[in-house]
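**Q** Sequence first, then the predicted structure:
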2 protein chains.
Amino acid sequence: MGEFELIRQFFAAAPCARAGGEVVLGIGDDCALLDVPAGHQLAISTDTLVAGVHFPEQPDPFLLGQRVLAVAASDLAAMGATPIGFTLALTLPNVDPEWLRLFAEGLNRMAESCALRLIGGDTTRGPLSLTVSVLGRVPAGRALTRSGAEVGDLLCVGGPLGDAAGALPLVLGQRQADAQLADPLLARYWAPQPQLALGQALLGRATAALDISDGLLADAGHIAKASRVAINVQRDALPLSAALLAFAGLPGARACALAGGDDYVLLFSLPAAEFSALLAEGWPVTVIGNVSEGQGVYLLDEQGRPLDVDRRGYEHF
Amino acid sequence: MGEFELIRQFFAAAPCARAGGEVVLGIGDDCALLDVPAGHQLAISTDTLVAGVHFPEQPDPFLLGQRVLAVAASDLAAMGATPIGFTLALTLPNVDPEWLRLFAEGLNRMAESCALRLIGGDTTRGPLSLTVSVLGRVPAGRALTRSGAEVGDLLCVGGPLGDAAGALPLVLGQRQADAQLADPLLARYWAPQPQLALGQALLGRATAALDISDGLLADAGHIAKASRVAINVQRDALPLSAALLAFAGLPGARACALAGGDDYVLLFSLPAAEFSALLAEGWPVTVIGNVSEGQGVYLLDEQGRPLDVDRRGYEHF
């Protein structure tokens, strides 16, 4: 038996690979089989992470295991889907049992927190990269898409922005900081928490939604384009964490929030009454702007005047 | 807009990316959405191909596009599933528009012949590799698995074996041959035809099935293990193509058939009456052995005596 066959058996025995729920047949046959309950549609999304491109060449395997699944699961959150399972295609330059053990631990941790079961995949030799496909279910016809934002809607986010981008110099070893500052930022980079419960709470309430992966301005542009509306973002309304402000300063923190990717926080539009209802239920949502007639994304100062920003989120004076 | 964003738009505009059928929402949102008809389960399988491991470092892009999808779709055939769609995670070292155009042509060709729609994926920079997840539907509780083979069943295959393995020296440029010999073998390597219709015809008839990707003996071993039976393969019953026999000779052709991978021909067990019914319907199926009590895989000579073969399919004398 080859070592890659052993790896497959290793993953098949992982806690997150247990069948159950909608997983009728998991790892070990030609296909996995899923039940999709009546009145539901299947949601699926695929993400690839490549070493040296999406994460450092020598990542901490536990953190990588967490992150690869979190990034993918965040797309389920953005549709309001309930997680079912995921497939993992893992390409490894060599077989290091301790690396695999730690990677599987991180993967299991995130799988458990997202209620996702490992249902299949592939393990191959080659330069380190990972492709995850996540599958979930969503009530038929009710999934949150990018195309329903309406003039007059509020624009909201599900939490502080920019922490993951702020953490990049730490991830890359370009800067150091005290643990008190560094730890919360690094946690947001390595273990973003997919906002699955919030996404489900937005079903029937939000008119459009996505998860911020490319940066707020770019992702707001995706909603503006798909919904054929203009989106106005109030610079002073951006929720910024204390750690990010202390680490990057206000202009730096704003730049991270506007253009830094990897936040995996939900961005969504909805009528004001729905926002009030969410707030009353205790969801950590913040209004950062609104939707108007027109096309494109506008960043506004405290007087509502458009600011000129570049793609990196820096203001031009 | 980055060049990888342009590639995403290029694939989104491909003929095989049109929504329709069970695909409610295709490329362009956070997830794709699929309808799974009532009384059906979703089948999903993931395969990764890495340059220099699963295909030559500089492959013909059209052929690669065909092959990556065929290999994955064959897993749907093995379950008796009806294809719905697929996601493609494509990692490329650089952006070559002509390469992409040809690759997409090959992908489209195979997608059309398999009735599979491109519903999402990811495009990233890195060493050339491809991960495809295919999705299909199968009547609930009726999927063909590896675990149902019963003592007394016949063992069958859906076509000639060993051609793809026989083609390997041609693929790798280690041997040349006249087009008359080379072309049919190379076609079996680069454009295997997933036996989707046969798989669906086996629903309710076959007791176990898989597609041969690791080689007949190894894959028969998977059925034997999952079904807790012994599987007997008659060496003289193996269907071998004229091209393979001419190119590799009888002992070489047999070794390719027994241990060569990449055939993507269905291997299945079923009662004799079901075999007769398939034959009467015109399916190109061949009996190559049977299922008996015990455990493991046995290769038998023309008198039914066990032969001693190694993992490469060569007989020991």
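**A** On my side now, so go ahead. Just so we're clear, the structure is a prediction, and the values are computed from it rather than from any experiment.
**Q** Secondary structure element holding the residue nearest to A:Leu238 when sequence neighbours are not counted?
**A** Closest residue to A:Leu238 apart from its sequence neighbours, by Cβ to Cβ, 6 or more residues apart in numbering or on different chains: A:Ala257 at 4.7 Å. C-betas here are computed from N, CA, C, even on glycine. If you go by DSSP states H and E, A:Ala257 is part of helix A:242-259.
**Q** Take that helix, keep the C-alpha atoms, and write them as CSV.
**A** Output in CSV follows, covering the C-alpha atoms of helix A:242-259 (Å, rounded to 0.1, in the frame of the first residue of the first chain):
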residue,chain,number,x,y,z
ALA,A,242,-9.0,48.0,19.0
ALA,A,243,-6.1,45.7,18.1
LEU,A,244,-6.0,46.9,14.5
LEU,A,245,-6.2,50.5,15.5
ALA,A,246,-3.4,50.1,17.9
PHE,A,247,-1.3,48.1,15.4
ALA,A,248,-1.9,50.1,12.2
GLY,A,249,-3.2,53.5,13.3
LEU,A,250,-6.5,55.0,12.1
PRO,A,251,-5.4,55.6,8.4
GLY,A,252,-3.8,52.2,8.2
ALA,A,253,-6.7,50.5,9.8
ARG,A,254,-9.1,52.1,7.4
ALA,A,255,-7.0,51.1,4.4
CYS,A,256,-7.0,47.5,5.7
ALA,A,257,-10.8,47.6,6.2
LEU,A,258,-11.5,49.1,2.8
ALA,A,259,-9.2,47.1,0.6
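**Q** which helices and strands does that helix pack with?
**A** Helix A:242-259 sits against helix A:163-171, helix A:179-190, helix A:216-227, with contacts defined as 3 or more Cβ pairs under 8 Å, 6 or more residues apart in numbering or on different chains; DSSP states H and E.
**Q** Buried residues in stretch A:105-123, which are they?
**A** Of all the residues in stretch A:105-123, those buried under the rule 16 or more other Cβ atoms under 10 Å in any protein chain shown are A:106-111, A:113-114, A:116-123.
**Q** First-to-last residue distance for it?
**A** End-to-end distance of stretch A:105-123: 17 Å, with Cα to Cα, to the nearest Å as the criterion.
**Q** Contacts only, for the residue lying closest to A:Asp30 once chain neighbours are set aside.
**A** Excluding the flanking residues, the one nearest A:Asp30 by Cβ to Cβ, 6+ apart is B:Ala78, at 3.8 Å. Applying Cβ atoms under 8 Å, 6 or more residues apart in numbering or on different chains to B:Ala78 gives the contacts A:Asp30, A:Cys31, B:Leu144, B:Gly199, B:Ala209, B:Leu210, B:Asp211, B:Leu266.
**Q** Okay, and B:Ala78 sits in which element?
**A** According to DSSP H and E, B:Ala78 maps onto helix B:61-79.
**Q** how far is that helix from where the chain is centred?
**A** Its chain's C-alpha centre and that of helix B:61-79 lie 6 Å apart, by Cα atoms, centre = their mean, to the nearest Å.
**Q** that's a helix at A:Leu33, yeah?
**A** No: per DSSP: H, G, I helix; E, B strand; the rest coil, A:Leu33 lies outside any helix segment and is strand.
**Q** doesn't B:Ser45 make contact with it?
**A** No: using Cβ atoms under 8 Å, A:Leu33 makes no contact with B:Ser45, being 10.4 Å away.
**Q** which one of those two has more residues nearby?
**A** A direct count of neighbours by other Cβ atoms under 10 Å in any protein chain shown for A:Leu33 and B:Ser45 places B:Ser45 higher, at 29 against 23.
**Q** Could you give the bridge partners of A:Ile27?
**A** A:Ile27 has the following beta-bridge partners by DSSP bridges: A:Asp29.
**Q** For the stretch 151-300 of chain A, give me the ranges with low pLDDT.
**A** Within the stretch 151-300 of chain A, no range satisfies pLDDT under 70.
**Q** Quickly note the distance from the spatially most central residue of chain A to A:Asp214.
**A** For chain A, the residue nearest the mean C-alpha position is A:Tyr264 (3.0 Å; Cα atoms, centre = their mean). Noted for A:Tyr264: a distance of 11 Å to A:Asp214, by Cβ to Cβ, to the nearest Å.
**Q** same check, this time on A:Ala243
**A** Applying Cβ to Cβ to A:Ala243 and A:Asp214 gives a distance of 22 Å.
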